[in-house]
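> What would the 3D arrangement of this be:
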Amino acid sequence: MGGGGSTRRVTFETDDNENITVVNGVRLSESLIDRMKEPSSPSGRQPRPSGPVNNEELKKRIAEELALERARRDSEAQKRRLKEEQMFVRDEFGKLLERERISSNEHLTRAILRERAATEDERQKAQRF
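Residues are numbered from 1 along each chain as shown. Down below sits the predicted model:
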């Protein structure tokens, strides 16, 4: 379904009374099955007919539901990847800041040592005079 180029075959069959369509080769989540059992929402969809369901309409509805489920999974995967990338960038910035802090401390330490050496030289010169 949401994978990379699945070659699984999906078949549609009807029962003897042609009231039920059997879909072979598709795994459906519980939430998808529950949504399919519920009446259609008034968000632009047409209400289901009360009589026998047209096989083509059912195929279309299943395809729409599968596409919605795939889009939801893809969206969740993108969110996970974004969080992982954000954590990676945060870690890299942390490493960079730590290197900068260490470098700054080394420069500061060298400057302090130079200043102490200069001060000691000045003190020794003053003692000679």
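
> all contacts plus neighbour counts: C-alpha atoms, from now on.
OK.

> residue boundaries of the strands in this protein?
With DSSP state E as the criterion, the chain has strands at 11-14, 21-24.

> Report all helices and strands that the longest helix seen in the chain contacts.
Identified as the longest helix of the chain according to DSSP state H is helix 55-128. The helices and strands touching helix 55-128, judged by 3 or more CA pairs under 8 Å, 6 or more residues apart in numbering; DSSP states H and E, are helix 30-37.

> got the CA coordinates for the helix it packs on in PDB?
The C-alpha trace of helix 30-37 is given here as PDB (Å, rounded to 0.1, in the frame of the first residue of the first chain):
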ATOM      1  CA  GLU A  30      -9.400  -0.900  12.000                       C
ATOM      2  CA  SER A  31      -9.900   2.900  11.600                       C
ATOM      3  CA  LEU A  32     -10.400   2.500   7.900                       C
ATOM      4  CA  ILE A  33     -13.000  -0.300   8.400                       C
ATOM      5  CA  ASP A  34     -14.800   1.800  11.000                       C
ATOM      6  CA  ARG A  35     -14.900   4.800   8.700                       C
ATOM      7  CA  MET A  36     -16.200   2.700   5.900                       C
ATOM      8  CA  LYS A  37     -19.000   1.400   8.200                       C
END
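
> Please state the offset of that helix from the chain centre?
Averaging C-alpha positions (CA atoms, centre = their mean, to the nearest Å) puts helix 30-37 24 Å from its chain's average.

> Also stretch 117-129?
Remark: stretch 117-129 is offset 65 Å from the chain centroid, using CA atoms, centre = their mean.

> Against Ser75, how distant is Arg81?
10 Å (CA to CA, to the nearest Å).

> Please pull out the lowest mean pLDDT helix or strand from this structure.
Within the chain, no helix or strand scores below strand 11-14, which has a mean of 65 by mean pLDDT, DSSP states H and E.

> sorry, back to before: give me the mean pLDDT for the longest helix of the chain.
Taken as a whole, helix 55-128 has an average pLDDT of 93.
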